[in-house]
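Q: the sequence isn't on hand, but the structure is:
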């Protein structure tokens, strides 16, 4: 018999609910993933699942995933632990483990500077994974990796490659010390078309804030700054789109 | 002196509020745009602005945009007409005018099949504009162009190129009759790498639903179906990202 939690006033539920905020995640070093796809990806790629929670009316749908330590929860508890409009009936509490030392510099690395929208961050991580990048570094001002919206948009890609929240300046320095070029992105005369750069195996690519782009301080430390030539009347591209075009163009 | 509307119970406000639903937009043939950037783009590109509404406390910020027919609205009215968390203090009621006949087939055309997320639709339109495409055709099952979330994501690009809601099968036929290739997108053995296709000036490109892709019926009518080679462990790319990579690769 699996243990069942009925009440949203349960002490453990109250602790988990705090994981919906950045502060709570930072304190407990855990975060919530929702939906069967993410739970399966977490298992497959060796993430440390602290607790698996399944809505009591959904237990038959997910019976292959149940272990002795799985907990059943009521609809009310499932609802209180999701920030989505409808919960998916299955969620897991996962330990946060960032391994800076595991990042190898021989594959390209995406550096994300002050990107605000969790959906954009998640989409960039998903694209970096698809493009074969080795790691994604999220700078201090970017949306939190463990925000439920970010995690949803990654579609599990954050289990496939290293994603680290850290100072971008340090990583620019590290890449340059290793002899790898670092490319910024900019829309002005400080930049050249990305088509002038040949594909290569090891480099850093920096994308920036939705409104203001990459910080000038970072742009001044790069090997070169790139832009994507625009033919139409749009002023710019969505940052997740621009980053993805560049990742696939520079590392085809 | 500009006329001022204070009450959310005002008859005109109640009519405008209906424009937040697809049904209301269809009936009145109007939609709402929010924010100074979209209002300026609408003016610049000759959209038919029915009424410009400015929040009374914001009129000094937007005084260059005020005309004799601008209406002032209370905070309550501004709030009731926006679907965003915070309104931007300026919005306009714009006439819907789709000009099928204006679409020229000598530029590439993006066909959007049952894409559900308004943000993805808006981002695809923004990228199509940036890539220099001539038109975007939204199939019947796609999210509504005039949904406020779609419009926000376009960043005004729907004022720059033709965006039409229509039957995709007809447009595939029309492109093929004109002698232009039509490329579908698919993840299976029916598709070839997009890198095997040379850039060209006139063609159709079809992107499909977030979960199920382009409908098989459409895929069977194309000249060729393409995929973007994936190196990492991600199963797929976000549809707005994939569509944008293909647009910039096929029409550089």
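A: Good, I have the coordinates. Just so it is clear, the model here is predicted, and its values are computed rather than measured. Numbering: from 1, shown residues only, chains lettered A, B, ... in the order given.

Q: now do stretch A:217-232: distance to the chain's middle.
A: 23 Å (CA atoms, centre = their mean, to the nearest Å).

Q: now swap in stretch A:82-92 and tell me
A: Mean-position distance between stretch A:82-92 and its chain equals 18 Å (CA atoms, centre = their mean).

Q: next one: stretch A:206-213
A: 16 Å.

Q: quick check: mean pLDDT across it?
A: When pLDDT is averaged along stretch A:206-213, the result is 96.

Q: end to end, how far does it reach?
A: 10 Å (CA to CA, to the nearest Å).

Q: quick check on the nearest residue to residue A:223 once chain neighbours are set aside: phi, psi?
A: Distances taken as CB to CB, 6 or more residues apart in numbering or on different chains place residue A:181 nearest to residue A:223, at 4.0 Å, with adjacent residues excluded. Yep, even glycine has a C-beta here, placed from its N, CA and C like the rest. The phi and psi values for residue A:181, taken as degrees, to the nearest 10, are phi -70, psi 150.

Q: roughly how far apart are residue A:181 and chain B?
A: 20 Å (CB to the nearest CB, to the nearest Å).

Q: got the contact list for that residue?
A: Listed by CB atoms under 8 Å, 6 or more residues apart in numbering or on different chains, the contact partners of residue A:181 are A:175, A:200, A:203-204, A:223-224.

Q: got a winner among those for most neighbours?
A: The residue in the contacts of residue A:181 with the most neighbours, by other CB atoms under 10 Å in any protein chain shown, is residue A:204 (25 neighbours).

Q: what segments of the stretch 51-200 of chain A are helices?
A: A:75-80, A:118-131, A:148-154, A:168-177 (DSSP state H, counting those that start in this stretch).

Q: just the buried positions in the last one, please.
A: What that stands for is helix A:168-177. Of the residues in helix A:168-177, A:168, A:171-172, A:174-175 count as buried by neighbour count, 16 or more other CB atoms under 10 Å in any protein chain shown.

Q: also the third one?
A: Applying a neighbour-count criterion of 16+ other CB under 10 Å, the buried positions in helix A:148-154 are A:148, A:150-154.

Q: got CSV for those residues, with distance to chain B too?
A: CSV is the format used below for the buried residues of helix A:148-154 (distance: CB to the nearest CB, whole Å):
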residue, distance to chain B
A:148, 17
A:150, 13
A:151, 14
A:152, 11
A:153, 8
A:154, 9
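
Q: the nearest residue to residue A:219 once chain neighbours are set aside: how many residues sit nearby?
A: Nearest residue to residue A:219, sequence neighbours excluded (CB to CB, 6+ apart): residue A:184, at 4.6 Å. Number of residues near residue A:184 (other CB under 10 Å) recorded here: 28.

Q: ok, now which ones touch residue A:184?
A: A:191, A:206, A:208, A:214, A:218-219, A:222, A:224-226.

Q: filter those down to the buried ones, ChimeraX style.
A: A single ChimeraX command selects the buried members of those (16+ other CB under 10 Å):
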select /A:191,206,208,214,218,219,222,225,226
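
Q: which one of the contacts of residue A:184 is nearest to residue B:240?
A: residue A:208 (18.8 Å; CB to CB).

Q: separation between that closest one and chain B?
A: Taking CB to the nearest CB, one finds residue A:208 at 17 Å from chain B.

Q: hang on, the earlier thing: quick check, nearest of the buried residues of helix A:168-177 to residue B:91?
A: Checking the buried residues of helix A:168-177 one by one against residue B:91 (CB to CB), the nearest turns out to be residue A:168, at 37.1 Å.

Q: list the contacts for the nearest residue to the closest one once chain neighbours are set aside?
A: Once flanking residues are discounted, residue A:168 sits nearest to residue A:139: 4.2 Å by CB to CB, 6+ apart. For residue A:139, the contacting residues are A:111-114, A:165-168, by CB under 8 Å, 6+ apart.

Q: quick one: which of these is most hemmed in?
A: Top of those by neighbour count (other CB under 10 Å): residue A:112, with 30 neighbours.

Q: the closest residue to residue A:22 other than its chain neighbours: how many residues sit nearby?
A: Leaving aside its chain neighbours, residue A:22 sits nearest to residue A:144 (4.9 Å; criterion: CB to CB, 6+ apart). Using other CB under 10 Å, residue A:144 is surrounded by 18 other residues.

Q: and residue A:144, what's its pLDDT?
A: Value for residue A:144, per-residue pLDDT: 97.

Q: show me the contacts for it.
A: A:22, A:25, A:118, A:150, A:165.

Q: the fourth one and residue A:109, how far apart?
A: Applying CB to CB, to the nearest Å, the value for residue A:150 to residue A:109 is 18 Å.

Q: swap in residue A:77?
A: For residue A:77, the distance to residue A:109 - CB to CB - is 39 Å.

Q: got it, and residue A:84?
A: Residue A:84 is 31 Å from residue A:109, where distance means CB to CB.

Q: which stretches of chain A form strands?
A: Applying DSSP state E to chain A gives strands spanning A:4-5, A:30-34, A:49-55, A:71-73, A:90-95, A:109-113, A:135-138, A:162-165, A:182-185, A:192-193, A:204-208, A:224-227.

Q: which residues sit against the last one?
A: Around strand A:224-227, the neighbours that count as contacts under CB under 8 Å, 6+ apart are A:181, A:183-187, A:190-194, A:197, A:214, A:219, A:246.

Q: quick one: strands adjacent to that strand?
A: In the sheet, strand A:224-227 lines up against strand A:182-185 (parallel), strand A:192-193 (parallel) (DSSP bridges).

Q: brilliant, that's me finished.
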